[in-house]
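Chemist: A structural model of the following input is requested.
(4 chains)
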Number of protein chains: 2
Amino acid sequence: METITIKDIARALNLSTSTVSRALRNSYEINTETKKLVLEYAEKMNYRPNPIALSLRDSKSKSIGVILPEIANNFFSQLINGIESIAYNMGYHVVIFQSHESYEREVANTNYLVSRKVDGLLVSLSSLTTDISHFEELLDKGLPIVFFDRVPKKVETHKIVADNFGGSYQATEHLIKTGKRKIAHITSPIYLSITMERLAGYKKALEDNGIPFDESYVKYCHHGGMVVSENEAAVQELLDMDEVPDAIFTASDRITTGCLSVLHRKHIRIPDEIAIVGFTNIGVAELLNPPLTAVVQPAMDMGNQATELLIKLIEHPKKPTIFESRSLKTSLIIRESTAGKIVNVS
Amino acid sequence: METITIKDIARALNLSTSTVSRALRNSYEINTETKKLVLEYAEKMNYRPNPIALSLRDSKSKSIGVILPEIANNFFSQLINGIESIAYNMGYHVVIFQSHESYEREVANTNYLVSRKVDGLLVSLSSLTTDISHFEELLDKGLPIVFFDRVPKKVETHKIVADNFGGSYQATEHLIKTGKRKIAHITSPIYLSITMERLAGYKKALEDNGIPFDESYVKYCHHGGMVVSENEAAVQELLDMDEVPDAIFTASDRITTGCLSVLHRKHIRIPDEIAIVGFTNIGVAELLNPPLTAVVQPAMDMGNQATELLIKLIEHPKKPTIFESRSLKTSLIIRESTAGKIVNVS
DNA sequence: TTGAAAGCGCTAACAC
DNA sequence: GTGTTAGCGCTTTCAA
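Modeler: Now for the predicted structure:
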């Protein structure tokens, strides 16, 4: 069962490789007889075109590259499933790379994917990326890129994000409604789009409810919560304040679980002493102690839509006059971590 | 900043492409002067060899393919990090594909990776894979493959698994020691290696402790717990028994959380009514209600070792006289889901 | 309707 | 020490 090439078919059928090639692509110029002959033989021998050769020729690969911070994360892995399902249906393969929140790895992955001739890129920026010229250059060269979740501000291309402002506003307002006033916010580095938007929603909700914004209630985790000590430090600083917060709004999966873990270790009662709501897609939110109130992003849908936009860009290379910036609604799922009563086991 | 090729360099420097090629590979036959010239120019122009062209020529790609059931799973995503860290250091790229527990997708992914000329494959079988001839053929053709976690029984190649028997034995014995006698086991399809081994460990622990094995206490989830109704059905059947179990040992991430969720909904007190221990790597085990006793696999290490073995196979193509079957120790982490006392919040 | 040949980027056997 | 050439698998002018 060796790999068979066009040349093999040509030799076996006493034809030229070009005839075989054309027959396989069902070219109008080829005799029906010949075509049938070739097709049948190819089928019989289980011929498969060599995608590498095709890529070399066409500088295309029917594959799209995905660069995101990490896959060991419910939000991103759900999103990947969304990407895959669309790509799969459209005949594209998906190649995933993790930046691990490192700018250098993001750049390295980008270069590799480009040299591998991916037809387009789906990107969510690492938390340490401030310079995005590696993507800008590619866009200038005409490589389709769609950003999702963590998007650069200025770049001219499709972007698709959750309604971070709205989700945050809703979460904060919910805390206020349950009687909390000293609401802290633990979040990612400030230069990330998601951070700014979520911070803005939080601020606005405070403002609209007559609660003064206090910068010292906002803590930033430079590695997006990937480093345990970050979380600990952030929580500890909050606990050490004169006016200890009565609620914390955490901005991501990792920060949420990290923060919960610290609160547990310190035997802080949730939500009595401190209520908590997380901007997170963790699957077991309901099984946590206490069940976690969460702002959930439509991750799968985000993956779907980003992929659709990208493939549209790939297959219709004429520059669209206008690039879309879509924003997907989040949902606030209220559970006991903000319930205002003691959680009972069972 | 267009892509530059060897030909461009040759033209610019008035050399032949082969001279440039040799200079770049630092061949001994090339004049030091020339070499320097070429190297400097290449550096200046930011030359990068085209990996597609290399793959076409050499039928190699410096990349390894990974095929596993799903990414949105702590065990597998930790494992991927283990794979990546080794591969990265050895200069290989990692291409990940999910079978989503589907035999057809596993086959399709395999074919694609092979046509893309990956240098080797790292595989954990889907829960619906019973026929492994697609891998056997490749092995016969000389493609290096290393199996991990869910490994085929008969195949002659390196395999690396957790000590499933031992981990199960330990978990079951622990339940027995905390006074449980009616211990149920919810697990994956029986033909998976992990299922058989875990079942065997469970049986042996019962036997060694004078508890008769009762087949009706073992429930199988055909889709490995991916389908919610499976879990519900399994738990419900157990609850409907005359002798309702006083403990459940769940065999995987998905089955564990699914089972927990059902128990929660039914307001079963854990561990009083039913204790639970899971064979799982979920990151938030400690934050669950109650904190979950778990058999944890060294996922990262498994990824490391599998990758090392694979790369060894790739780089030393002479068939090793003997293939390794490594088994890595698991650790039982005891928490309150088996504590034998009421869990208190805070 | 079919074939010959060039070219995608690179390397290596074989000249010189 | 350097150049020429062929070839990896495929498509596509151009010619017949």
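
Chemist: Would you map the strands across the stretch 101-250 of chain A?
Modeler: Under the criterion DSSP state E, counting those that start in this stretch, strands of the stretch 101-250 of chain A are mapped to A:120-123, A:145-148, A:159-162, A:183-187, A:218-220, A:247-250.

Chemist: could I get these as JSON lines with distance to residue A:44 and mean neighbour count?
Modeler: C-beta: built from backbone N, CA, C; applies to glycine. Compiled in JSON lines, the strands of the stretch 101-250 of chain A are given as follows (distance: least, CB to CB, whole Å; neighbours: other CB atoms under 10 Å in any protein chain shown):
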{"stretch": "strand A:120-123", "distance to residue A:44": "36", "mean neighbour count": "26"}
{"stretch": "strand A:145-148", "distance to residue A:44": "41", "mean neighbour count": "25"}
{"stretch": "strand A:159-162", "distance to residue A:44": "45", "mean neighbour count": "25"}
{"stretch": "strand A:183-187", "distance to residue A:44": "61", "mean neighbour count": "27"}
{"stretch": "strand A:218-220", "distance to residue A:44": "63", "mean neighbour count": "20"}
{"stretch": "strand A:247-250", "distance to residue A:44": "60", "mean neighbour count": "30"}
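
Chemist: Dump these to TSV, plus distance to DNA strand D and mean pLDDT.
Modeler: Shown next, in TSV, are the strands of the stretch 101-250 of chain A (distance: least, CB to the nearest atom of the strand, whole Å; pLDDT from 0 to 100):
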stretch	distance to DNA strand D	mean pLDDT
strand A:120-123	20	97
strand A:145-148	25	98
strand A:159-162	33	97
strand A:183-187	50	98
strand A:218-220	51	97
strand A:247-250	52	98
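
Chemist: can I get these in TSV with distance to chain B?
Modeler: TSV is the format used below for the strands of the stretch 101-250 of chain A (distance: least, CB to the nearest CB, whole Å):
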stretch	distance to chain B
strand A:120-123	15
strand A:145-148	16
strand A:159-162	18
strand A:183-187	16
strand A:218-220	20
strand A:247-250	13
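
Chemist: Can you give me the distance of the residue of the stretch 51-200 of chain A found nearest DNA strand C to chain B?
Modeler: Taking CB to the nearest atom of the strand as the measure, the stretch 51-200 of chain A has residue A:57 as its residue closest to DNA strand C, at 3.7 Å. Applying CB to the nearest CB, to the nearest Å, the value for residue A:57 to chain B is 10 Å.

Chemist: Could you say which helix or strand holds that residue?
Modeler: Using DSSP states H and E, residue A:57 sits in helix A:51-58.

Chemist: domains of chain A?
Modeler: For chain A, the structural domains run A:6-47, A:56-162+A:299-329, A:164-298+A:332-338, going by automatic domain parsing.

Chemist: burial measure for the residue of the stretch 51-200 of chain A closest to DNA strand C, as a count.
Modeler: Around residue A:57 sit 10 other residues, with neighbours defined as other CB atoms under 10 Å in any protein chain shown.

Chemist: What's the per-residue pLDDT of it here?
Modeler: Listed pLDDT for residue A:57 reads 92.

Chemist: and what of residue A:91?
Modeler: In this prediction, residue A:91 carries a pLDDT score of 85.

Chemist: List the contacts of it.
Modeler: With CB atoms under 8 Å, 6 or more residues apart in numbering or on different chains as the criterion, the residues that contact residue A:91 are residue A:62.

Chemist: pretty sure it is in a strand, no?
Modeler: No. Applying DSSP: H, G, I helix; E, B strand; the rest coil, one finds residue A:91 to be coil, outside a strand.

Chemist: got the residues of the stretch 51-200 of chain A near DNA strand D?
Modeler: Neighbours of DNA strand D within the stretch 51-200 of chain A, by CB under 7 Å from any atom of the strand: A:53-54, A:56-57.

Chemist: Neighbour-wise, which one of these leads?
Modeler: Result: residue A:56 is most packed of those (other CB under 10 Å), 18 neighbours.

Chemist: which residues touch the helix holding residue A:57?
Modeler: With CB under 8 Å, 6+ apart as the test, helix A:51-58 has contacts from A:60-62, A:116-117, B:50, B:52-53, B:55-56, B:115-117.

Chemist: Now the buried members of those residues.
Modeler: Members of the contacts of helix A:51-58 that pass the buried threshold by neighbour count (16 or more other CB atoms under 10 Å in any protein chain shown) are listed as A:61-62, A:116-117, B:50, B:52, B:55-56, B:116-117.

Chemist: Can you name the two of these that sit furthest apart?
Modeler: Spatial extent of these (CB to CB) is set by the pair A:62 and B:50 at 17.7 Å.

Chemist: which element is the spatially closest residue to residue A:118 that is not a sequence neighbour on?
Modeler: Across the structure, with CB to CB, 6 or more residues apart in numbering or on different chains as the measure, the residue nearest residue A:118 apart from its sequence neighbours is residue A:65 (4.0 Å). Residue A:65 is located in strand A:63-68, with elements delineated by DSSP H and E.

Chemist: burial measure for residue A:136, as a count.
Modeler: Neighbour count for residue A:136, taken as other CB under 10 Å: 16.

Chemist: Quick check: pLDDT value at the residue nearest to it when sequence neighbours are not counted.
Modeler: Using CB to CB, 6+ apart and skipping residues adjacent in sequence, the residue nearest residue A:136 is residue A:155, 6.4 Å away. With respect to pLDDT, residue A:155 has a value of 93.

Chemist: Residue A:142 too?
Modeler: What the model reports as pLDDT for residue A:142 is 88.

Chemist: need the contact list for it.
Modeler: Taking CB under 8 Å, 6+ apart, we find residue A:142 in contact with residue A:317.

Chemist: How about the one 10 residues further on?
Modeler: Shown here is residue A:152, whose contacts under the criterion CB under 8 Å, 6+ apart are A:125, A:132, A:135, A:193.

Chemist: Can I get those in TSV including distance to residue B:26, neighbour count and pLDDT?
Modeler: Formatted as TSV, those follow (distance: CB to CB, whole Å; neighbours: other CB atoms under 10 Å in any protein chain shown; pLDDT from 0 to 100):
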residue	distance to residue B:26	neighbour count	pLDDT
A:125	37	26	96
A:132	35	19	95
A:135	33	23	97
A:193	44	18	93
